[in-house]
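give the three-dimensional model of this entry:
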Amino acid sequence: MFRGAVFACAVAAAILSGSRAPAATPRPAADVWVASTRRLPGICRRPERAGIDVERLSGGDRGRWERASVDDLLAPGRPLVVFVHGNRYAAAEAKSEGVRFARLVASACPDAGPVRTVVFSWPSDQQGVLLRDVRAKYARAHADGHYLAWLLGRVEPERPVAIVGFSFGALVGLEALQDLEAADRDAGIPASWTGRPGRTNLVFVAPAVRCDALAPRGPYRAAVAGIDRLTVVANSADCALAFFPSVDRVTRAEALGTTAMPRRWLPPDLEYSAVDAAAIVGPQHSLALYLGSGSLARRISAAAVAGFDASATP
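Residues are numbered from 1 along each chain as shown. The predicted structure is shown next:
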């Protein structure tokens with residue numbers, strides 16, 4: 001029994017680790033930025049100010065990261081595709097995988113026009129090997145959703161936005177949209193996302209979010225009002241996500257990444273698609289396997305930029 005408990009803890013600790021298969025470093029994409037909260041403290045509400053660190057990839061094929069500002073990042077222009085990684089990513093790994101994703105979108109969807117990819121880099125470095133680490137990152141993902149809400153709240157309403165979240169990255173994205181739909185009277189921040197003319201696409205890959213998150217009485221139901229398209233790439237065979245009920249100790253709910261969700265939970269005008277990638281990915285919890293599959297990479301990329309107007313992007 002003891003050996004079984006140790007094994008369970010070890011597997012649970014791997015939830016959202018996003019173990020990456022060895023691969024050649026991709027060439028830099030044209031317009032990739034990093035918005036990092038790794039130096040910021042955990043918070044329980046959307047802040048009035050946030051010292052998010054911003055970097056911009058430049059330097060052609062060799063690629064180098066240069067310091068920039070939030071104002072630079074959000075200067076009017078191309079649609080934003082926000083890539084949010086999962087647990088156990090060091091800062092350099094988050095950048096590398098974000099660049100790879102940006103290049104996949106550019107190659108898979110050339111007709112969509114250029115986009116600006118923003119790697120939302122949150123403090124998910126490995127800290128220990130047991131379930132305690134995973135639970136700590138689960139709590140931190142909630143906090144970083146507040147920082148992402150602060151950032152998105154400064155995007156002009158006409159600008160299309162996509163949030164692509166892997167594992168705990170999906171939770172960060174949901175927390176952000178929930179924040180943007182809820183008025184924060186104490187901070188003087190009104191609801192700011194519903195009804196914006198710019199399109200909002202949400203793409204979840206193996207999401208480590210409770211399966212009833214967007215149900216009619218779910219904890220993130222308010223976020224539905226700010227979404228135009230939702231795509232879920234689930235994996236019913238994911239061994240790490242099978243231990244999600246041990247991470248969310250309050251509800252013990254299964255993960256959305258293993259069960260997906262029924263269409264009837266969503267408004268009829270919200271575009272929704274879901275696929276089970278178990279036959280392609282197998283039991284591993286690794287974003288590299290999704291991006292390494294031609295069919296899944298095209299599905300994820302196309303869902304991110306669906307409906308974006310290429311003629312409106314400089």
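
next SSE downstream of the host helix or strand of Ala170?
Ala170 is located in helix 168-181, with elements delineated by DSSP states H and E. Downstream of helix 168-181, the first helix or strand assigned by DSSP H and E is strand 200-205.

compute the number of surrounding residues for Ala90.
Using other CB atoms under 10 Å, Ala90 has 13 other residues around it. Quick note: C-beta positions are derived from backbone N, CA and C, even for glycine.

what residues are up against it?
Asp125 (CB atoms under 8 Å, 6 or more residues apart in numbering).

could you check how far the helix or strand containing Glu93 is from the centre of its chain?
Per DSSP H and E: Glu93 is located in helix 91-108. Mean-position distance between helix 91-108 and its chain equals 13 Å (CA atoms, centre = their mean, to the nearest Å).

now stretch 109-125
Centroid displacement of stretch 109-125 relative to its chain, using CA atoms, centre = their mean, is 10 Å.

stretch 132-147 too?
13 Å.

could you export that stretch as PDB, CA atoms only?
Listed next in PDB are the C-alpha coordinates belonging to stretch 132-147 (Å, rounded to 0.1, in the frame of the first residue of the first chain):
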ATOM      1  CA  ARG A 132       2.700  19.300  -2.700                       C
ATOM      2  CA  ASP A 133       4.400  20.900  -5.600                       C
ATOM      3  CA  VAL A 134       1.500  20.300  -7.900                       C
ATOM      4  CA  ARG A 135      -1.000  21.700  -5.400                       C
ATOM      5  CA  ALA A 136       1.200  24.800  -4.900                       C
ATOM      6  CA  LYS A 137       1.300  25.400  -8.700                       C
ATOM      7  CA  TYR A 138      -2.500  24.900  -8.800                       C
ATOM      8  CA  ALA A 139      -2.900  27.700  -6.300                       C
ATOM      9  CA  ARG A 140      -0.300  29.900  -8.100                       C
ATOM     10  CA  ALA A 141      -2.200  29.400 -11.500                       C
ATOM     11  CA  HIS A 142      -5.200  31.100  -9.900                       C
ATOM     12  CA  ALA A 143      -3.000  34.000  -8.900                       C
ATOM     13  CA  ASP A 144      -1.500  34.400 -12.300                       C
ATOM     14  CA  GLY A 145      -5.000  34.500 -13.900                       C
ATOM     15  CA  HIS A 146      -5.400  37.800 -12.100                       C
ATOM     16  CA  TYR A 147      -2.200  39.200 -13.600                       C
END
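
what's it in contact with?
Identification of contacts with stretch 132-147 by CB under 8 Å, 6+ apart yields 12-16, 37, 40, 42-47, 50, 52, 87-88, 120, 122-124, 126-127, 168-169, 171-176, 178-179, 208, 247-249.

gap between the two ends of stretch 153-170?
Chord length of stretch 153-170, first to last residue, is 18 Å (CA to CA, to the nearest Å).

would you mark the buried spots in that stretch?
For stretch 153-170, a neighbour-count test (16 or more other CB atoms under 10 Å) marks 155, 159-170 as buried.

got the phi and psi for Ala279?
In terms of degrees, to the nearest 10, the main-chain angles of Ala279 are phi -70, psi -20.

burial measure for it, as a count.
Ala279 has 9 nearby residues by other CB under 10 Å.

next: Thr200.
Neighbourhood size, Thr200 [other CB under 10 Å]: 21.

for the stretch 101-250 of the chain, which spans come out with low pLDDT?
Within the stretch 101-250 of the chain, the stretches with pLDDT under 70 are 129-130, 183-192.

tell me where the chain has strands.
Here the chain has its strands, by DSSP state E, at 32-36, 53-58, 64-68, 80-84, 116-121, 161-166, 200-205, 229-234, 271-276.

so how far is stretch 166-181 off the chain centroid?
Chain-centre distance of stretch 166-181: 7 Å, with CA atoms, centre = their mean.

my bad, stretch 141-152
That offset, for stretch 141-152, works out to 11 Å (CA atoms, centre = their mean).

what about stretch 285-297, how long is it end to end?
16 Å.

pull out the buried positions in that stretch.
His285, Ser286, Leu287, Ala288, Leu289, Tyr290, Leu291, Gly292, Leu296, Ala297.

same check, this time on stretch 65-82
For stretch 65-82, by 16+ other CB under 10 Å, it's Trp65, Ala68, Val70, Leu73, Leu74, Arg78, Pro79, Leu80, Val81, Val82.

same question for stretch 84-91.
In stretch 84-91, counting by 16+ other CB under 10 Å, buried: Val84, His85, Gly86, Asn87, Arg88, Tyr89, Ala91.
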